[in-house]
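1. take a look and give me a structure for this.
(one chain, ligands or ions: 3)
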Amino acid sequence: MQRFNCPLCGTRAYFHNLTCACGSQLYYDPQTSRMATDAPACANRPGIGCNWTAPLDGTLCPSCAMSQVVPVLHVGDNLQLLARAERAKRWVLANLARWGWFTDDDPGRRPRFLMLSEEAGGRSQQITMGHAAGDITINVTEADELIRLKRQRDLGEQYRSMVGHFRHELSHFLFDRLSEDDRFRPALRKIFGDERADYAAALRRHYAEPRNPGEHFITAYATAHPHEDWAETAAHLLHLVDFTDSFVSAGLSMPGIPSDFRPYEEADTLRLLPIAAEVAIAINDINRALDNSDLYPFVLTAPIRDKLAFAHRWLRAPRH
Ligand SMILES: [Zn+2]
Ligand SMILES: [Zn+2]
Ligand SMILES: [Zn+2]
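-> Residues are numbered from 1 along each chain as shown. Ligands and ions are numbered 1, 2, ... in the order given. I've put the predicted structure just below:
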């Protein structure tokens, strides 16, 4: 994420800030990727603290407008859980906008988010996150950190976050958008395998006999089916680009990182990935000083780098 400042006083402002220490209201403008102090506010600003600007006063911002369904908000912690989930969504959408996705210049389809809670008012329901035909189901209950960490441990995952869920599910949606180009799927099959393989059977097999990711897959879940391999790989590309962007935007530097390095603008994956790996190792060292877990506990083998390079090529390709 890039660095922001209050346009009025110049103080550093963070992406989710609603106000500045100088007293100004802050609004993130998704069209210019900048902070403003006077703009039409998203109608969800008072309810869930959305700080994005809206096309007109009283309307929803582009991110909130994509949420077609929200939980019953007066039940349990649903309002707070939705607020946290929407924060993560705005972060990921702002990242994707750096590559032109879902901006005003992008005439393509938008996803519809079904933001559901396991607490549905008097009864609890099971929710499976996923993407189907443009609808992305998100379980906002996982915005509760204790619940999410317990599931992460039960599933034996190294990393689980709301930002990660949005990156993964949006990658499925982007697969469909990219498929509008006839060259995308044949090229993908050469690297990820045939995505026309029976999906339900593959998932049953995965849960019955989970496979080790080995050298070829970024996570165990990626072994389930080429669709999941693509979504996991594309999500990891977004992780790598964004934490490296945050590193350089914070003004940090390391040997081997050019002073003008701009991760979202870098077209060469072979230049990007070694730098991201070095940044991850350095931050891991810092985290170990506090006995915190590693920032990015994954190994980028040569076959995984090839897959990341494919995702990078397609996700940042200009489409207009
Ligand atoms: Zn200010
Ligand atoms: Zn909003
Ligand atoms: Zn998936």
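2. phi and psi next, for the closest residue to ligand 1 within the stretch 201-320 of the chain.
-> With C-beta to the ion, the shortest gap between the stretch 201-320 of the chain and ligand 1 falls at residue 249, namely 18.9 Å. C-beta here means a position set from N, CA and C on the backbone, and glycine is covered the same way. In terms of degrees, to the nearest 10, the main-chain angles of residue 249 are phi -70, psi -30.
3. tally of neighbours for the closest residue to it other than its chain neighbours?
-> Distances taken as C-beta to C-beta, 6 or more residues apart in numbering put residue 3 closest to residue 249, at 4.4 Å, once the chain neighbours are dropped. Number of residues near residue 3 (other C-beta atoms under 10 Å) recorded here: 14.
4. before we move on, what about residue 308?
-> Neighbour number of residue 308 under other C-beta under 10 Å is 22.
5. hmm, it is touching residue 274, no?
-> No: if you go by C-beta atoms under 8 Å, residue 308 and residue 274 don't touch, sitting 11.8 Å apart.
6. before we move on, back to that, in contact with the residue of the stretch 201-320 of the chain closest to ligand 1, which residues?
-> Going by C-beta atoms under 8 Å, 6 or more residues apart in numbering, residue 249 touches 1-3.
7. now these in TSV, with pLDDT, secondary structure and distance to residue 215?
-> What follows is those, written out as TSV (pLDDT from 0 to 100; DSSP: H, G, I helix; E, B strand; the rest coil; distance: C-beta to C-beta, whole Å):
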residue	pLDDT	secondary structure	distance to residue 215
1	95	coil	31
2	93	coil	34
3	94	coil	37
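8. which SS class is the closest residue to ligand 3 within the stretch 101-250 of the chain?
-> The stretch 101-250 of the chain approaches ligand 3 most closely through residue 231 (4.3 Å), counting by C-beta to the ion. Here residue 231 is helix, with the state taken from DSSP: H, G, I helix; E, B strand; the rest coil.
9. residue boundaries of the strands in this protein?
-> For the chain, the strands defined by DSSP state E cover 4-5, 12-13, 27-29, 34-36, 67-69, 112-116, 130-132, 135-139.
10. these: which one's closest to residue 212?
-> strand 130-132 (23.6 Å; C-beta to C-beta).
11. burial check on the closest residue to ligand 1 within the stretch 51-200 of the chain, number of neighbours?
-> Of all residues in the stretch 51-200 of the chain, residue 51 sits closest to ligand 1, at 13.7 Å by C-beta to the ion. When neighbours are counted by other C-beta under 10 Å, residue 51 registers 25.
12. per-residue confidence for it?
-> According to the prediction, residue 51 has pLDDT 98.
13. and it, what does it touch?
-> Residues near residue 51 by C-beta under 8 Å, 6+ apart: 16-18, 26-28, 42, 45.
14. shouldn't the residue of the stretch 101-250 of the chain closest to ligand 3 be in contact with residue 168?
-> Yes: between residue 231 and residue 168 there is a contact under C-beta under 8 Å: 4.9 Å.
15. what do those two both touch?
-> Residues touching both residue 231 and residue 168 (C-beta under 8 Å, 6+ apart): none.
16. run a quick neighbour tally on residue 65.
-> 18.
17. how near is the nearest residue to it once chain neighbours are set aside to ligand 3?
-> Among residues not flanking residue 65 along the chain, residue 59 sits closest, at 7.8 Å (C-beta to C-beta, 6+ apart). Taking C-beta to the ion, to the nearest Å as the measure, residue 59 falls 31 Å from ligand 3.
18. the nearest residue to residue 108 once chain neighbours are set aside: neighbour count?
-> The shortest distance from residue 108 to any non-neighbouring residue, by C-beta to C-beta, 6+ apart, is to residue 177 (5.6 Å). For residue 177, the count of nearby residues is 21 (other C-beta under 10 Å).
19. where does the chain dip in pLDDT?
-> Scanning the chain for pLDDT under 70 picks out 318-320.
20. show me which residues of it are close to ligand 2?
-> 42, 44, 50, 52, 61, 64 (C-beta under 5 Å from the ion).
21. quick check: most distant residue from the centroid of the chain.
-> Going by C-alpha atoms, centre = their mean, the residue of the chain most distant from its centre is residue 122, 31.6 Å out.
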